[in-house]
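>>> Here is a sequence together with a model predicted from it:
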Amino acid sequence: MKIGIFLCHCGHNIKHTVDVARVKEYFQKFLNVAVAEDYPFLCSEPGQELIRSRTEAEGLDRVIIAACAPTLHQDMFKDLVKKGGLNPFLLRRVSVREHCSWVGDDIGKNTDKAIRLIKAGVYGSSHYIPLEEKQVDVTQSAMVIGGGVSGLSAALFLSNQGMHVYLVEKEAELGGHVRKLRNVWPSGKDGSELIDEMVETLRDRENVEIFTSTRMVSFGGSFGNYEATLETPAGESTVKAGGVIVAIGFAPFDPISKPELGYGKDKRIVTTLELENGLDELGLPANPRVAVLHCVGSRDEQIGKPYCSRVCCINALRAGQTVKEKFEHSYVESFYMDVRAHPKGGEEFYEDTQEKGVLFTRGNVGEIIPTPAGVLVRGEDTLFGELLEREFDLAVLSIGMSPPKDNQYIASLLKITLDKDKFFLEAHPKLRPYDTALKGIFIAGTCSGPKDMEESINHGRASAVKLFGLLNLGYAFVEPFVAMVDPKRCSGCRACEQACVAKAIKFDDGERIVRVEEAACMGCGLCNSTCPSSAIGLKGHADSSINDEVGAILEAI
Amino acid sequence: MAEEAKKDIPEIVGFACSFCSFKASEMAGSLRMKYPEGIKIVQVPCSSRVDPAFVIKALFEGADGAFVAGCHPGDCHFIKGNYYTRRKIAALKEMFKAFSMDKKIKLFWVSASEARRFVEKVEHMYKEIKEGNNEGKKG
């Protein structure tokens, strides 16, 4: 057997805490190892070429890629070894980055651990057998959870392509937060107008089913054939979908959790969302003094929200402009950390706001105290390094985005992951920003992190394109990890038949042994560990393979 | 490695299911959480794939501890594989009690989003085993 080992540095991510030269040297002397290479980025084009060409030139029988977690770039690496002339199921991924270099700091110990992990990969993969991918039929329908602007965009695209769409919204009305906006920057249009346009198009379509005031209560199945139970006002209903797009949006930051800002204690302290409905009801004097606070609920380690919410700077600028438009001789002061006017035209809008007379003070506001005359804003001017204390008639809090309220619920139902800020985690922040770790389940919009409207719409559409690409053909390939029976060892005790959850094992009365129905087998391996005579095995996860991995981990190096 | 030095660094072999616990361990890495390097993980498709023989093998080959980690009860990707695991490991522990080795085996549930819980669980196990080893040395 010829084994090829490719060790990735992942820039500094692995190299920094693992002595890659020592690992390489160790495996160069290893039995049956024909190739042991290290490379800065195996996922880069020259890195890919290295794997492909060496696999081909040396005629490798096994390829071990010691790099990131096995789910990352898996299709690409499989494709590479295939091009190199090797069955892709003889490829073994070893997670050196997530399970070694990132979780330990000691180079010596990490290097030992990396060697053991790679050795486990070498030993384990020696029992692999060549396999072919299994073709399965997929349901050509999609479920979109969340009827906000990004869910609507996704549903529009999918229904355009003729796919059946189930749009699920927990509120009575579609449109999410955008519906509440009265003046969408930069067009100045009413948010509900934009939403109504999309909703009407969807309502006219025969291939779209809209469920409002609906909650998902159960979710199951696998890629291509997911099944969900929905609790609708008309009773329970079950839908079958090939894939799912999660677009449950965000929750506006609740400034109550920063009590020092006095929100809720005085009606002269408002959020940017409340300002949407205009200034009329606030009873401001003729030449009001208005304070605008940036970054309320963003970039704040103390309340566990270290991220930038991306939309609140523009909202703060809009608030300033709204006041200036209505009251020409007002005094508007913005307290900012940095002004991040991301979107197109944002920087110009910032300049325009300054020209209109809004004053910008770099400062941290520590507290807002309501007084009979107005609201007293106290804090630190961070440019001059001195205390600031000013009276205003109105304080506007530019609130950020918090994770959606149902994030935990949806995450546990769909078995997808949340990131450290409790937004949904993408499979890869740059290369797969729409995918979750589960095939056929995508995330869209602000539920994966703060985004503005344009980005949310793009994200929704992109997820829809990706999902459409998976379901378009009506069939898909899935991993062939199913159980197989060794007829010589099977005693026909039928213990596995009773244990099998998928009911994929049938007893053959003639031969007195069991047989596996491959289409029904889920590949959990429960039958393996139940069989008293090791007669049934799971392809790709054989007993011998796991046993040898355990041995390799504990063997002296 | 000298026998003395080895005692101070427990070797723990963990079996983690692909859908929950292994994902959590991946995330623990992505979040740069730290846990002792003695902990090494074998990926299995489901916790029910873990034959008690693997656990026995790990302990007999010199591991100071072995754990099986799966999805929370009711959350199993394969519907109820982890219920079988629970029974199997309970029986295995009962057997190991006879040799006072039942503390070397642990079973816990970690969902894919619970990286912190994963690290807490393995660290706790590591500490317990390390203390147990040290006590053994004194006695």
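Yep, it's here.
>>> can you give me the helices for chain B?
Under the criterion DSSP state H, chain B carries helices at the ranges B:3-8, B:21-30, B:52-60, B:81-97, B:115-138.
>>> same question for the second one, mean pLDDT?
In this case it means helix B:21-30. The predicted model gives helix B:21-30 an average pLDDT of 92.
>>> tell me the angle it makes with helix B:115-138.
On the basis of axes from the mean of the first three to the mean of the last three Cα atoms, to 10 degrees, helix B:21-30 is oriented at 90 degrees to helix B:115-138.
>>> So is helix B:21-30 next to chain A?
Yes. Using Cβ under 8 Å from any Cβ of the partner chain, helix B:21-30 comes into contact with chain A via B:23, B:25-30. Where you see a C-beta, it was placed from the backbone N, CA and C, and this is true even at glycine.
>>> who touches that helix?
A:69, A:71, A:95, A:97-99, A:102-103, A:417, A:425, A:437, B:16, B:35, B:41, B:43, B:47, B:69-71, B:109-119 (Cβ atoms under 8 Å, 6 or more residues apart in numbering or on different chains).
>>> still on that earlier bit, and the helices of chain B, which one is worst for confidence?
Per-stretch mean pLDDT for the helices of chain B is lowest at helix B:3-8 (a mean of 53).
>>> circling back to that earlier point, can the residues of helix B:21-30 next to chain A go into JSON lines with extra columns for neighbour count and distance to residue A:512?
As requested, the residues of helix B:21-30 next to chain A are arranged in JSON lines below (neighbours: other Cβ atoms under 10 Å in any protein chain shown; distance: Cβ to Cβ, whole Å):
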{"residue": "B:23", "neighbour count": "28", "distance to residue A:512": "41"}
{"residue": "B:25", "neighbour count": "29", "distance to residue A:512": "42"}
{"residue": "B:26", "neighbour count": "28", "distance to residue A:512": "44"}
{"residue": "B:27", "neighbour count": "25", "distance to residue A:512": "47"}
{"residue": "B:28", "neighbour count": "24", "distance to residue A:512": "48"}
{"residue": "B:29", "neighbour count": "24", "distance to residue A:512": "48"}
{"residue": "B:30", "neighbour count": "20", "distance to residue A:512": "50"}
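>>> Of those, just say which sits nearest to chain A.
Relative to chain A, the closest of the residues of helix B:21-30 next to chain A is residue B:29; by Cβ to the nearest Cβ it sits at 3.1 Å.
>>> sorry, back to before: show me just the buried residues among the contacts of helix B:21-30.
Taking 16 or more other Cβ atoms under 10 Å in any protein chain shown as the criterion, what is buried in the contacts of helix B:21-30 is A:69, A:71, A:95, A:97-99, A:102-103, A:417, A:425, A:437, B:16, B:35, B:41, B:43, B:47, B:69-71, B:109-115, B:117-119.
>>> How is chain A divided into domains?
Here the domain parsing of chain A from automatic domain parsing is A:3-131, A:141-250+A:403-476, A:255-400, A:483-538.
>>> nearest to residue B:133, of those domains?
domain A:3-131 (17.4 Å; Cβ to Cβ).
>>> hmm, back to that, same list, the domains of chain A, but as CSV with mean pLDDT please.
CSV is the format used below for those (pLDDT from 0 to 100):
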stretch, mean pLDDT
domain A:3-131, 94
domain A:141-250+A:403-476, 93
domain A:255-400, 93
domain A:483-538, 90
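>>> Now distance to residue B:77 too, for the ones you listed, in TSV please.
Formatted as TSV, those follow (distance: least, Cβ to Cβ, whole Å):
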stretch	distance to residue B:77
domain A:3-131	14
domain A:141-250+A:403-476	7
domain A:255-400	30
domain A:483-538	8
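>>> As TSV, these with distance to chain B would be great.
As requested, the domains of chain A are exported to TSV (distance: least, Cβ to the nearest Cβ, whole Å):
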stretch	distance to chain B
domain A:3-131	3
domain A:141-250+A:403-476	5
domain A:255-400	13
domain A:483-538	3
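>>> Tell me which of those domains lies nearest to residue B:62.
Comparison of these against residue B:62 by Cβ to Cβ identifies domain A:3-131 as nearest, at 12.4 Å.
>>> what does stretch A:265-278 contact?
Judged by Cβ under 8 Å, 6+ apart, the contacts made with stretch A:265-278 from elsewhere in the structure are A:180-183, A:252, A:255, A:261-263, A:282, A:296, A:312, A:315-316, A:318-319, A:322, A:368, A:370, A:374-375, A:393-399.
>>> CA atoms only for it, dumped as CSV, please.
Once side chains and other backbone atoms are set aside, the C-alpha atoms of stretch A:265-278 remain, and they are given as CSV (Å, rounded to 0.1, in the frame of the first residue of the first chain):
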residue,chain,number,x,y,z
LYS,A,265,-37.9,55.9,32.3
ASP,A,266,-38.5,59.0,30.3
LYS,A,267,-40.3,59.5,27.0
ARG,A,268,-37.5,61.9,25.8
ILE,A,269,-35.2,58.9,25.5
VAL,A,270,-36.1,57.0,22.3
THR,A,271,-34.6,54.5,19.9
THR,A,272,-34.0,55.0,16.2
LEU,A,273,-36.9,52.5,15.5
GLU,A,274,-39.3,54.7,17.5
LEU,A,275,-38.2,57.7,15.5
GLU,A,276,-39.4,56.1,12.3
ASN,A,277,-42.8,57.5,12.9
GLY,A,278,-41.6,61.0,12.9
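>>> Pull out the buried positions in it.
Neighbour counts over stretch A:265-278 (16+ other Cβ under 10 Å) mark A:268-273, A:275-276 as buried.
>>> of those, closest to residue A:545?
Minimum distance to residue A:545 across the buried residues of stretch A:265-278 is 55.9 Å, recorded for residue A:273 (Cβ to Cβ).
>>> hmm, back to that, which of the contacts of helix B:21-30 fall in strands?
Members of the contacts of helix B:21-30 lying in strands (criterion: DSSP state E): A:95, B:16, B:41, B:43, B:69-70, B:109.
>>> Need the phi and psi values for residue A:405.
Main-chain dihedrals, residue A:405, degrees, to the nearest 10: phi -70, psi -30.
>>> Spatially central, which residue of the chain would that be?
In the absence of a named chain, this looks at chain A. Central residue of chain A (Cα atoms, centre = their mean): residue A:426, 2.3 Å from the mean position.
>>> hmm, I had chain B in mind actually
residue B:67 (1.8 Å).
>>> Quick check: that one vs chain A, distance?
Remark: distance between residue B:67 and chain A (Cβ to the nearest Cβ, to the nearest Å) = 13 Å.
>>> That residue reaches residue B:123, doesn't it?
No. The pair residue B:67 and residue B:123 does not pass the contact test of Cβ atoms under 8 Å, sitting 11.8 Å apart.
>>> All the helices of the stretch 51-200 of chain A, in order from the start?
Taking DSSP state H, counting those that start in this stretch as the criterion, the stretch 51-200 of chain A contains helices spanning A:74-83, A:107-125, A:149-160, A:191-204.
>>> Mind pulling up the pLDDT for the nearest residue to residue A:254 once chain neighbours are set aside?
Nearest residue to residue A:254 in three dimensions, chain neighbours excluded: residue A:402, at 7.4 Å (Cβ to Cβ, 6 or more residues apart in numbering or on different chains). You'll see residue A:402 listed with a pLDDT of 96.
>>> In this structure residue A:402 contacts residue A:251, no?
Yes. Here residue A:402 reaches residue A:251: they are 4.7 Å apart, a contact under Cβ under 8 Å.
>>> neighbours around the spatially closest residue to residue A:50 that is not a sequence neighbour, how many?
Nearest residue to residue A:50 in three dimensions, chain neighbours excluded: residue A:39, at 5.8 Å (Cβ to Cβ, 6+ apart). Residue A:39 is surrounded by 19 other residues when neighbours are defined as other Cβ atoms under 10 Å in any protein chain shown.
>>> What separation do you get for residue A:39 and residue B:30?
The spacing between residue A:39 and residue B:30, counted by Cβ to Cβ, to the nearest Å, is 22 Å.
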